[in-house]
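*Asks:* got a sequence here, can you model it:
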Amino acid sequence: MSAPFTLDQQRYLEGFAAGLSARSVTPAAAPSAPAPMGPDAAHLAAQDRAAARAKLTDQEKWKREEHPFDAYPRLVAQARDNAAPRPADNFRWRYYGLFYVAPAQDAYMCRLRIPNGLLAHWQFAGLADVAQRLGGNYLHVTTRANLQIREIAPKDAVAVIEAVQDLGLWTKGSGADNIRNVTGTPTAGVDPQELIDTRAYARAMHHHILNDRSLTGLPRKFNIAFDGAGRVGALEDTNDIGFQAVELRDGHGVAPGVWFRLALGGITGHKDFARDTGVIVAPDEAVAVADAILRVFIEAGDRTNRAKARLKYLLDAWGFEAFLTAVEEKLGRPLTRAPADAVAPRPRQDRAAHIGVHPQKQKGFNWIGVALPLGRLTPDETRGLAEIARRFGDGGLRLTVWQNLLITGVADAQVDAARAAIDALGLSTQASPIRAGLVACTGSSGCRFAAADTKRDGAAIASYCEETAPMDAPVNIHVTGCHHSCAQHYIGDIGLIGARVPVNEEGDTAPGYHILVGGGFAEEAGVARALYEHVRAEDAPRRVARILRAYRRHRSAGDESFVAFARRLDADAIRRLADAEQTP
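*Replies:* Next comes the predicted model:
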C-alpha cells in the first residue's frame, strides 16, 4: 500500500485541481482566461497554482510581468544612458549574466557560462581584453569552474555581453532563477583513472538549456555537475543534480559497465549534500533524465518562499520516491535502479592533483595545474597563460572548482619550458598544502552581502599559517562572506563565514568570522560544525594557525587527516587543544 500524501503534496494537488476546475467551470457572465501557451506556459501555470495558496515572491511577479528575455531593448537603453537598474531590472538582467553589485561597487559583475570549464587559448586571451577594456582590469575564477568580469560600468554592460558572445562564449542564464554553468571533471579526457570523459555530456546539457526557453525562470537557481571519477573532482555532490560515473559489476540485473549514478538535492549552504537515489543513468540518457527532473521542479517548486524554493526542499516535502515517480511520469518510462552492491568502489580523488605537473593518459603528455592567488588574474597573466597553452600545450585551458586552472597536452620535453614561462608571469605550479586548498569568495570588496573582505583575509590567513603552522598534508580552508556560501565553507576542513562582530556595548560591529571545522567532500563528504563564533578578521589568522598547530601536535599516528582528526574529537576538545597552542 502506498504511503499517504504529505501536507505539501496535498496542497500541490489541491491547487492543481483548483486550477483545472477554474478552467473547466466558467461563469456565464464572463469568458474564461485562455490557458497559458508557449515556452513559458508551465511557469505561468505553476505561478497560478502557487498564487491560489499564498503570495508570490517579488521575483515571481517580476518574471510574470515581463520575461527578462523580452526586456533586452530596455537593457540597451539603460546602457546608452549609463543608468543603474531598479530592483526588478537588476533581477532581470541576471538572466544575461549581469549582476549590479552596489553598494559594494557602483558597477555590474558579469558571470559566464563555460561548460566543463573548457576554454581555447584564444578565448581566454580575448576575455583578458574584455576585462581590460570594459571591466576592472582583472578576472576572477569562481568555485563553479567559471569566470567573472567585474567593475563594468552600466554604459558598458551590453558591450561586455556582445564581446563575450563574439568569442563563442555565453553569459545567458548564468544568474537568477536559471540552470547555472554546467560543471564537469577538469581533467576529462586526459585523466588516467577516469571512468568516463564528461566533456560531451556537460556540453550537451549546456546547449539543451541554452536552446529551450522553457528551462528558464525556475523557482530558484539550479546546479548540475558531471563527475567522471577522475583525480580532480567536480564537487558534484554539492549540486542539485550530480551525475557520478560508476562502474557496475555483472550479475545484478543491469548491464555491466560505466553508468552515471544519480544524486539529488545538494545545497551545502543549507547543510545538505546530494543524496544517492539508487537510480543509474546510461550516459547518453543523462540530458533526458535531467530535463524530466527540471520539469517536475518547474511545476512543483515553491514560488512563494525564496528560502524554501531550492530542489532540496521539494525533496524534503515529497520524499525521494514520490519525486522520482513524478520524474518517471515526465520521462514516460521507469528509471533504472541498481542495488548498492552492484556499484564498484570509485577511484579516489587526489587533493593535490589540481596543482603541479601530472601525467596524462596520453603517453608522453601532462597537465600542469597553475596556482592562482585566490582565483584572481590580471589581463597580462591571462594572456600569458593563453600563450603558454598555445606554445607548449594542446591549446586548451581547464578551470577548476578550486579557483585555479590546468594547461593540458604539455609534452614531457616541454614541461620545464612551460613551468619557466609560468614562473616568469609571477605565477607558480607549486603551492603549499595550505595555499593549494585555499578558497575565497569575492567578499565585501565586490559583494553587498559579504560581512568581511574574504580575499584579503584569506590571503592573510594563508601567509600567517604558512609561517607559523606549516602543513605537510592537504588542508582545505574555505572563506565565505555570507550565508549564500559561494566559497562553500561547510565543506572545508576549516570553514570561515563572514559575520559582523560586536566590539562594544553601544552595538558597534567590525568585520569578522565564525569558524567551523570538519567539513569534507567526495569520499569524506560531511558538513563542518561550529568551533568559534565572532572572531574579528584581524584575529582570524592566529586562530586558524592555532587550530592547525593543535592538529599537527595531536593527530593520531602522525598521518591522520585533518578531517579525521576534527571528526574524532568533539568541538570542546578541539577548542581546548587550540586555545593551549601559542603562536607568534
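*Asks:* and the gap between the residue most central in space within the chain and Glu236?
*Replies:* Nearest residue to the geometric centre of the chain (CA atoms, centre = their mean): Arg144, 4.1 Å. According to CB to CB, to the nearest Å, Arg144 stands 12 Å off from Glu236. Placement of C-beta: from N, CA and C, glycine included.
*Asks:* overlap in contacts of the two?
*Replies:* Contact with both Arg144 and Glu236 is made by residues Thr183, according to CB atoms under 8 Å, 6 or more residues apart in numbering.
*Asks:* thinking again about what came up before, need the three-state assignment for the residue nearest to the centre of the chain.
*Replies:* Classification of Arg144 using DSSP: H, G, I helix; E, B strand; the rest coil returns coil.
*Asks:* quick one: secondary structure of Gln105?
*Replies:* coil.
*Asks:* contact partners for it?
*Replies:* Applying CB under 8 Å, 6+ apart, the residues contacting Gln105 are 150-151, 445-446.
*Asks:* same question, Ala499
*Replies:* Counting by CB under 8 Å, 6+ apart, Ala499 has contacts 451-452, 512-514, 533-534.
*Asks:* then Asp40?
*Replies:* By CB under 8 Å, 6+ apart, Asp40 lies in contact with 67, 213-214, 217.
*Asks:* sorry, back to before: now the contacts of Ala499 in CSV, with secondary structure and pLDDT?
*Replies:* Compiled in CSV, these are given as follows (DSSP: H, G, I helix; E, B strand; the rest coil; pLDDT from 0 to 100):
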residue, secondary structure, pLDDT
Ala451, coil, 94
Ala452, coil, 95
Gly512, strand, 97
Tyr513, strand, 97
His514, strand, 97
Glu533, strand, 96
His534, strand, 96
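*Asks:* can you select the buried ones from these in PyMOL?
*Replies:* Of the contacts of Ala499, the buried ones go into a single PyMOL selection, burial set by 16 or more other CB atoms under 10 Å:
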select buried, resi 451+452+512+513+514+534
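*Asks:* list just the nearest of the contacts of Ala499 to Pro373.
*Replies:* Distance to Pro373 across the contacts of Ala499 (CB to CB) is lowest for Ala452, with 17.9 Å.
*Asks:* what pLDDT does Lys308 get?
*Replies:* Lys308 carries a pLDDT value of 96.
*Asks:* so it makes contact with Gly301?
*Replies:* No - between Lys308 and Gly301 there is no contact under CB atoms under 8 Å: 9.2 Å.
*Asks:* the more surrounded of those two?
*Replies:* More neighbours surround Gly301 than the other of Lys308 and Gly301, with 21 against 17 (other CB atoms under 10 Å).
*Asks:* so how far is stretch 131-143 off the chain centroid?
*Replies:* 19 Å (CA atoms, centre = their mean, to the nearest Å).
*Asks:* change the start of the numbering to 556 and stick with it
*Replies:* Will do, 556 is the new start, and the previous item becomes stretch 686-698.
*Asks:* so for that stretch, what gets flagged as buried?
*Replies:* Buried, per 16+ other CB under 10 Å, within stretch 686-698: 686-687, 689-691, 693-698.
*Asks:* can I get those in a markdown table with distance to Arg1097 and secondary structure?
*Replies:* Compiled in a markdown table, these are given as follows (distance: CB to CB, whole Å; DSSP: H, G, I helix; E, B strand; the rest coil):
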| residue | distance to Arg1097 | secondary structure |
| --- | --- | --- |
| Ala686 | 35 | helix |
| Gln687 | 38 | helix |
| Leu689 | 41 | helix |
| Gly690 | 35 | coil |
| Gly691 | 32 | coil |
| Tyr693 | 29 | coil |
| Leu694 | 32 | strand |
| His695 | 28 | strand |
| Val696 | 28 | strand |
| Thr697 | 29 | coil |
| Thr698 | 26 | coil |
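*Asks:* just the closest of those to Pro670, please.
*Replies:* Distances from Pro670 to those, taken by CB to CB, are shortest for Thr697, at 14.1 Å.
*Asks:* now the closest one: closest residue in space that isn't a chain neighbour?
*Replies:* Gln703 (6.0 Å; CB to CB, 6 or more residues apart in numbering).
*Asks:* contact partners for the one you found?
*Replies:* 664-667, 694-695, 697, 997.
*Asks:* which two among those residues are spaced furthest apart?
*Replies:* Of all pairs drawn from these, the widest gap by CB to CB lies between Leu667 and Thr997 and measures 14.9 Å.
*Asks:* those two - which one has more neighbours?
*Replies:* Using other CB under 10 Å, the more surrounded residue of Leu667 and Thr997 is Thr997, with 27 against 23.
*Asks:* just list the residues touching the more buried one, thanks.
*Replies:* 664, 695, 703, 705, 1005, 1009-1010, 1036, 1041.
*Asks:* what segments of the stretch 856-1005 of the chain are helices?
*Replies:* 866-873, 875-886, 934-947, 970-979, 988-991 (DSSP state H, counting those that start in this stretch).
*Asks:* please apply the same query to the stretch 556-705 of the chain.
*Replies:* Assigned by DSSP H, counting those that start in this stretch, the helices in the stretch 556-705 of the chain fall at 562-579, 596-606, 613-620, 627-635, 642-647, 676-689.
*Asks:* need these in a markdown table with mean pLDDT and distance to Ala845, can you?
*Replies:* As requested, the helices of the stretch 556-705 of the chain are arranged in a markdown table below (pLDDT from 0 to 100; distance: least, CB to CB, whole Å):
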| stretch | mean pLDDT | distance to Ala845 |
| --- | --- | --- |
| helix 562-579 | 46 | 22 |
| helix 596-606 | 96 | 16 |
| helix 613-620 | 97 | 22 |
| helix 627-635 | 98 | 27 |
| helix 642-647 | 97 | 25 |
| helix 676-689 | 98 | 26 |
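*Asks:* a markdown table for the ones you listed, including distance to Tyr756?
*Replies:* Formatted as a markdown table, the helices of the stretch 556-705 of the chain follow (distance: least, CB to CB, whole Å):
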| stretch | distance to Tyr756 |
| --- | --- |
| helix 562-579 | 31 |
| helix 596-606 | 25 |
| helix 613-620 | 29 |
| helix 627-635 | 30 |
| helix 642-647 | 30 |
| helix 676-689 | 21 |
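*Asks:* nearest to Asp846 among those would be which one?
*Replies:* Nearest to Asp846, of these and by CB to CB, is helix 596-606 at 12.2 Å.
*Asks:* go through that closest one and flag the buried ones.
*Replies:* 597-606.
*Asks:* which helices and strands does that helix pack with?
*Replies:* helix 562-579, helix 613-620, helix 841-855 (3 or more CB pairs under 8 Å, 6 or more residues apart in numbering; DSSP states H and E).
*Asks:* at 6 Å instead, please
*Replies:* helix 562-579 (3 or more CB pairs under 6 Å, 6 or more residues apart in numbering; DSSP states H and E).
*Asks:* quick one: the strands in the stretch 756-905 of the chain?
*Replies:* Assigned by DSSP state E, counting those that start in this stretch, the stretch 756-905 of the chain shows strands spanning 779-782, 796-803, 812-819, 830-836, 891-892.
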